[in-house]
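**Q** Have a look; sequence and predicted model below, questions after that.
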Amino acid sequence: MERKWRIGAVSYLNTRPLLLGVEQSTLMAQIELFKTHPAKIAQDLIDGTIDMGLVPVAIIPLLKEVHLVSNYCIGAEGDVASVCIFSQVPIHQIEKVYLDDQSRTSVQLARILLADFWKKEVEFIKADEGYIHNIKGTTAGVIIGDRALAARSNYPYIYDLAGAWVQHTGHPFVFATWIANKPMPAEFMEAFDKANGYGLSHLQEVIAAIPSSEQVYDLHKYYTQNISYPFNEAKKAGMKLFLESL
């Protein structure tokens, strides 16, 4: 029996369109699929416990082998809605910022933008389990993923990191893309890419499969206006600029 490909993917709402077609396809006979938060998937790819992952692009310098294997990514050409600095005060009054350790890319992006775009010196605090409750006064916090979508109604000031990057650089931003740490069979990747594209052309099916309790934001807007999935040349240029900034 052939060994299955070990593939890791983020468990957030933003991956649902990409994973729907994969999980419904015959490819599952060739795959072991692991779903968790970005930092865990990233470490698994670095350690070699998975073969391919939808991982934060900030880990690229840490990999011994990098294979960009897909035409899809988690990117944005403007506000992404789910990766933001949340605050009770305007950005010029912020003194401390909690960094959500679930994603290396978001943490590095926040550091770059605070220094180069907002020209703001702050004290960074490593986020603990309940850090969101400590975002108050002049202490802000980076929140990502589904937790960020749920937090949008709770804070008067929200600074979208993807939107700020586009304003700062003129380039779109790539948070994560499919990366392998070894060569992947072309036939398998062609089928995998086709499966990724299925959900993007069947968004109503994707949304219908998500429990209403998890729909804390307009998901049709999220999937069509906030997230931009094609891993095109403009996004690759934005990703290159980001990696050069690390």
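**A** Perfect, thanks for sending it. It should be emphasised that the depicted structure is a prediction, and the values quoted were computed from it without experimental measurement.

**Q** all strands in this structure, in order from the N-terminus.
**A** 5-10, 31-36, 52-56, 67-76, 83-87, 96-99, 123-126, 139-144, 157-160, 173-180, 228-230 (DSSP state E).

**Q** Give me whichever of these is most buried.
**A** Among the strands of the chain, strand 52-56 has the highest mean neighbour count (mean count of other C-beta atoms under 10 Å), at a mean of 28. (Glycine included, C-beta is placed from N, CA and C.)

**Q** What average pLDDT does it get?
**A** For strand 52-56, the mean pLDDT works out to 96.

**Q** Where does the prediction get shaky in the protein?
**A** 1 (pLDDT under 70).

**Q** Please parse it into its domains.
**A** 5-74+173-245, 83-169 (automatic domain parsing).

**Q** So what pairs up with the closest residue to residue 45 other than its chain neighbours in the strands?
**A** Nearest residue to residue 45 in three dimensions, chain neighbours excluded: residue 53, at 4.5 Å (C-beta to C-beta, 6 or more residues apart in numbering). On the basis of DSSP bridges, residue 53 is bridged to residue 8, residue 179.

**Q** Hmm, residue 11 is touching residue 35, no?
**A** Yes: if you go by C-beta atoms under 8 Å, residue 11 and residue 35 touch, sitting 4.2 Å apart.

**Q** longest helix anywhere in this structure?
**A** helix 186-200 (DSSP state H).

**Q** Contacts for it, please.
**A** 5, 16-22, 24-25, 27, 30, 69-72, 178, 205-206, 223, 229 (C-beta atoms under 8 Å, 6 or more residues apart in numbering).

**Q** Same question for stretch 93-100.
**A** 85, 87, 106-107, 110, 114, 120, 122-127, 131, 134-135, 138-144, 147.

**Q** from the middle of its chain, how far away would stretch 61-80 be?
**A** Put simply, stretch 61-80 sits 9 Å off its chain's centre (C-alpha atoms, centre = their mean, to the nearest Å).

**Q** end-to-end on it?
**A** End-to-end span of stretch 61-80 (C-alpha to C-alpha, to the nearest Å): 24 Å.

**Q** picking up where we left off before, who's in contact with the residue nearest to residue 45?
**A** Residue 53 neighbours (C-beta under 8 Å, 6+ apart): 7-9, 41-42, 44-45, 178-179.

**Q** Mind putting those residues into TSV with distance to residue 193?
**A** What follows is those, written out as TSV (distance: C-beta to C-beta, whole Å):
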residue	distance to residue 193
7	13
8	17
9	14
41	19
42	21
44	21
45	18
178	9
179	14
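
**Q** Looking at those, which one is closest to residue 185?
**A** Among the contacts of residue 53, residue 7 lies closest to residue 185 (C-beta to C-beta), at 13.1 Å.

**Q** so that closest one makes contact with residue 51?
**A** Yes: the pair residue 7 / residue 51 is scored as a contact, 6.7 Å apart, by C-beta under 8 Å.
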